[in-house]
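>>> Build me a structure from this.
(chains A and B)
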Amino acid sequence: MAYIGNTDADRRIMLDRLGLSSVDDLFTDIPAEHRFPELELPPAQTELELLRDIESLAAQNAAGSGMLSFVGAGVYRHFIPAIVSYLSGRGEFATAYTPYQAEASQGTVQTIFEYQSMVADLLGMDVVNASHYDGSTAVAEAAIMAVRSTRGRSRVVLSGTLHPEYIQVTRTYLKPQGIAIDVVDPPEAAGATGPTSESLLAAIGDDTACLIVQNPDFLGRYVDLRGFADEVHARGALLVVHVDPIATALFTSPGALGADIVTGEGQPLGIPLSYGGPYLGIFAARKELVRKMPGRLAGQTTDTTGARGFVLTLNTREQHIRRDKATSNICTNQGLMALRATIYLAAMGPKGLTEAARLCYQNAHHAARLLAQIPGCSVLPGATSPGAAPADVFFKEFVLRTPVPAADVIERAADAGVIPGLALDRYYPKRTHEILIAVTEAYSRADIERLADAVRDAVTKSADAPARKEAVR
Amino acid sequence: MSSFRFDSPIPPLLYEISRTGRRAVLLPESDVPETPLPDHLVRSDADELRLPEVSEQDVVRHFTKLSHANMSIDTNFYPLGSCTMKYNPKINEAVAAHPGFAGQHPLGRVSDTQGALAVMYRLQHMLAEISGFSAVSLQPAAGAQGELTGILMIRAYHESNGDTRRTKILVPDSAHGTNPATVTMAGYETVEIPSNSRGTVDLDALRAACGDDVAGLMITNPNTAGLFEEDIVAIVDAVHECGGLVYGDGANFNAILGIVRPGDIGVDVMHFNLHKTFSTPHGGGGPGAGPVGAAPILAPYLPGPVVTRGGTDDGDYRLTMPDRSIGRLKSFHGNFGMLLRAYAYIMMHGADGLRAISENAVLNANYLRVLTERAFPVKFKRTCMHEFISVGSVYDGVSTMDVAKRLLDYGFHAPTVYFPLIVKDALMIEPTESENRETLEAFADALQAVADEAQSNPDLLHDAPHTTPLRRLDEVSAVRNLVLRYQR
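Residues are numbered from 1 along each chain as shown, chains lettered A, B, ... in the order given. Predicted coordinates:
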């Protein structure tokens, strides 16, 4: 076997030392009737055979066949500088574990400290932890932390324009703990844009621990949160804001807006889409709340000679010390993904990150303008014309309303090699004529024009003749 | 004295070498008609984005030097008990980086993602076969999330039977801390079951704790002492007889591939740690992946979506939600990149190869146990599985931590220390199957040398480590004077 260290001769020597005649003798504690089952598995492949298998599987994915996709909805195709994979692939990072022995793990612990520092600056927040599994579990853990941080308050209010899957994950996490969830005005109807500030504030009651809003929201809209935190605090609740980390380079930081806890999906920071993970759950809080935080934290200290170094700290919050009284059962963080984000932020720098954010904004608005010109199509929230400030603000994602079913538009455009975006009826069944479209700095002007052309053709053809599936029905 | 040396000093923080105007990545100018920014919403000068400004070479040198300050499987023997620090095949990384997978959006149409779905379907099937379960969900992002999944499934099962009296989960005192923390997150109460002198569950105490208020048992088998719970059938029967279900913590599954299937001995639900058993990289603390397998009684409650086969125009494979699913545990479909690596690993082994992994992991552990027991006594003097526990505090004035730190000077990562809690001053040693006999013998020699030093020159241990880039770090002052980010 390729990955087993010993030879037959080694095994013989080792068994002799143990006074055993066969390896089987090591397993006598296992009930005899269940010992050594026959496993029905495919025969072992060599590396070469495996690669052939993988090539043929990969070719069955759109990404492996050269399609141009504008699907976003929480995770995005962004530019990833070459050094991110180059450096994060180093075995000294990838094949180390949790820095339990800090003296032999400074590479990992210092990286976490630098991650915490850079993300804290990006979000305008005091404290960032070493990360959660993804944006959705960060939101769920933020809700639990808010309940723990506000005595006697056992409900949480979620904006209806939080990512629908995040709402589902939050339900899974909160239900067994008896924490009630109020979801305000989910945008289920065609053209709906979700709750207003007034309706969100009105939903905060005496027993509400926190209000969770996503900004930009699931439909791409950037919500003006100036002054909003004061209103939430006046009602005794905490404000949790879920962000896109690239957007925070451009827009006022959530910390400056008064958020108490900030979560984010860190995938845009140098992490590949990889069909759903692994990603990076960003989690930040004001310093007053640090002892209620879940997850690992790296802190600065000194060694016996006075030299600076870093260790995991405030461990008494965590499961391996506190067991059933811990702030969460989380054990690992997303170490390798946090490393990628740290390298990405270092490589981009403040200027590069801001430029990327501006390009997202410009490219998305250009796409929205072109698409809004297609007969029968319109853009939520509000189309814009060159030179004019948009009536309603979005960042890199928006909703296109189509005169024919979105599924038809997508299917026809896909035949031309373009996937224009996500059909919104995946999450809101009544929204059959709307597509959620994401455009980032990674797309060229030519890509955007190809998108507009593909959608125009698809809309025209669908209006002329219903798509194949419609015709069958 | 060891010849091992870390080869470069630790670099300063990137913030400390930052110079205004230095750049690594340049982006193109916008070439589309300009849209004005909403000035009232953009960052103000007071809220200026302050990140390090460095060149690309600065970044490369920084992280390369940082990497040199780590021990890792690629560079050192890393016998961290309960963590299964085995070799991580590099083909796994090549497979996961394939643009057809790495570039695939999770919300791609079903017809556009058949390759990814096929990998998930096959992995579900293979994990079920290896473990003896009827169905597997790949959703959970880590072992701890897999545990939560299992207990939520048990909870949903009892609730769907209208059985709401059950509020307790039995957890042996040798369990990982994640077990009791998980019980709390699942809204249950932990009842700790003591271990006996042989290091396994006290069967009488377990039977006494079983009652109609027990929702289930969480059991790690082999347990954290590295021992197979030889009473497992009686344990499972006792829990089932009182109406409870059995959750198997798969942290130590590396010992029993092709040796025994948890599903066959009555375990109802179990998680797999793909980053332990199936060689996905530990990544300095994640990402993991914690798929969950279930017996028929619990399979309808698995989190979703799962991949099923058959019957649509869009392709053979599709995503579906199990009938009575507890819901989603994370966004999208699990840590797919980790799933791909585990798929590659299993495909390269086959049934015989998997059994060989466990046979060699257990043989290595027993050989090392015998080689080291003179230096540091082994707590449970019997055949172990993939790991064993030594007592690190047998020499006057020398602690387990001193021994661990001194081992670093010999070029070995330390074993897990002070765990499990049932053994005072434990050193928990897990060599894995990928290490060869010479490495095990060199490690045993190092342990003997450390034992000798503990008697002849204990200060050598008190002051250890000596060869790492930093000397022993002060964890107490880190808590007392909390600095969690760069201070300007």
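>>> Every contact and neighbour count from this point should use C-alpha atoms.
Will do.
>>> What is the burial count for residue B:116?
By other Cα atoms under 10 Å in any protein chain shown, the residues close to residue B:116 number 26.
>>> Go ahead and confirm it touches residue B:101.
Yes: between residue B:116 and residue B:101 there is a contact at 6.9 Å, judged by Cα atoms under 8 Å.
>>> Now for the two: what residues contact both?
A:58, A:61, A:275 (Cα atoms under 8 Å, 6 or more residues apart in numbering or on different chains).
>>> Could you look up the SS state of residue B:62?
helix (DSSP: H, G, I helix; E, B strand; the rest coil).
>>> Identify the residues contacting it.
Contacts were defined as Cα under 8 Å, 6+ apart; by that measure residue B:62 touches B:11, B:14.
>>> pretty sure residue B:274 contacts residue B:286?
No: the pair residue B:274 / residue B:286 is not scored as a contact, 10.9 Å apart, by Cα under 8 Å.
>>> Mind listing the residues bridging to residue A:422?
With DSSP bridges applied, residue A:422 shows beta-bridge pairing to residue A:436.
>>> That one: neighbour count?
Counted by other Cα under 10 Å, the residues lying close to residue A:422 total 25.
>>> quick revisit: pLDDT-wise, what's the bottom of the shared contacts of residue B:116 and residue B:101?
When it comes to pLDDT, residue A:61 is the least confident member of the shared contacts of residue B:116 and residue B:101, at 93.
>>> Let me see the contact set for it.
Residue A:61 neighbours (Cα under 8 Å, 6+ apart): B:100-101, B:104, B:112-116.
>>> So for the longest helix along chain B, mean pLDDT?
When every helix of chain B is counted residue by residue (DSSP state H), the longest turns out to be helix B:350-372. Computed over helix B:350-372, the mean pLDDT rounds to 98.
>>> what's the spacing between the least confident helix or strand in chain B by mean pLDDT and its chain's center?
Least confident helix or strand of chain B, by mean pLDDT, DSSP states H and E, is strand B:306-312 with a mean of 87. Remark: strand B:306-312 is offset 30 Å from the chain centroid, using Cα atoms, centre = their mean, to the nearest Å.
>>> try stretch B:389-396
Relative to the centre of its chain, stretch B:389-396 is centred 26 Å away, using Cα atoms, centre = their mean.
>>> again with stretch A:414-422
Remark: stretch A:414-422 is offset 23 Å from the chain centroid, using Cα atoms, centre = their mean.
>>> Contacts only, for the residue nearest to residue B:231 when sequence neighbours are not counted.
Closest residue in space to residue B:231, ignoring its immediate chain neighbours: residue B:203 at 7.6 Å, by Cα to Cα, 6 or more residues apart in numbering or on different chains. Shown in contact with residue B:203 (Cα under 8 Å, 6+ apart): B:231, B:234-235.
>>> where do the strands sit along the stretch 101-250 of chain A?
Assigned by DSSP state E, counting those that start in this stretch, the stretch 101-250 of chain A shows strands spanning A:127-128, A:155-159, A:180-184, A:208-215, A:238-243.
>>> Packing partners of the last one?
The reference is to strand A:238-243. In terms of contact count using 3 or more Cα pairs under 8 Å, 6 or more residues apart in numbering or on different chains; DSSP states H and E, strand A:238-243 is assigned the packing partners helix A:135-149, strand A:208-215, helix A:228-234, strand A:261-265.
>>> To chain B, which of those lies closest?
Taking Cα to the nearest Cα as the criterion, chain B comes closest to helix A:135-149 out of those, the separation being 5.8 Å.
>>> contacting residues around the closest one?
A:132, A:153-156, A:165-167, A:169-171, A:173-174, A:209-210, A:212, A:238, A:240, A:242, A:261, A:263-266, A:280-283, A:289, A:292-294, A:327-328, B:329-331.
>>> With stretch B:165-174 instead?
Outside of stretch B:165-174, the residues within contact range by Cα under 8 Å, 6+ apart are B:158, B:179-180, B:183, B:188-195, B:201, B:209, B:212-219, B:223-225, B:420-422.
>>> Low-confidence stretches in chain B?
For chain B, residues meeting the criterion pLDDT under 70 lie at B:1-5, B:7, B:311.
>>> what residue of it is the furthest out?
residue B:33 (49.9 Å; Cα atoms, centre = their mean).
>>> three-state assignment of that residue?
Residue B:33 falls in the coil class when you classify it by three-state DSSP.
>>> isn't it right up against residue A:366?
Yes: counting by Cα under 8 Å, residue B:33 sits close enough to residue A:366 to count as a contact (6.9 Å).
>>> how about the helices in the stretch 151-300 of chain A?
Counting by DSSP state H, counting those that start in this stretch, one finds helices in the stretch 151-300 of chain A at the ranges A:164-174, A:197-202, A:228-234, A:247-250.
>>> can the shortest one be found next to chain B?
Yes: against chain B, helix A:247-250 shows contacts by Cα under 8 Å from any Cα of the partner chain at A:249-250.
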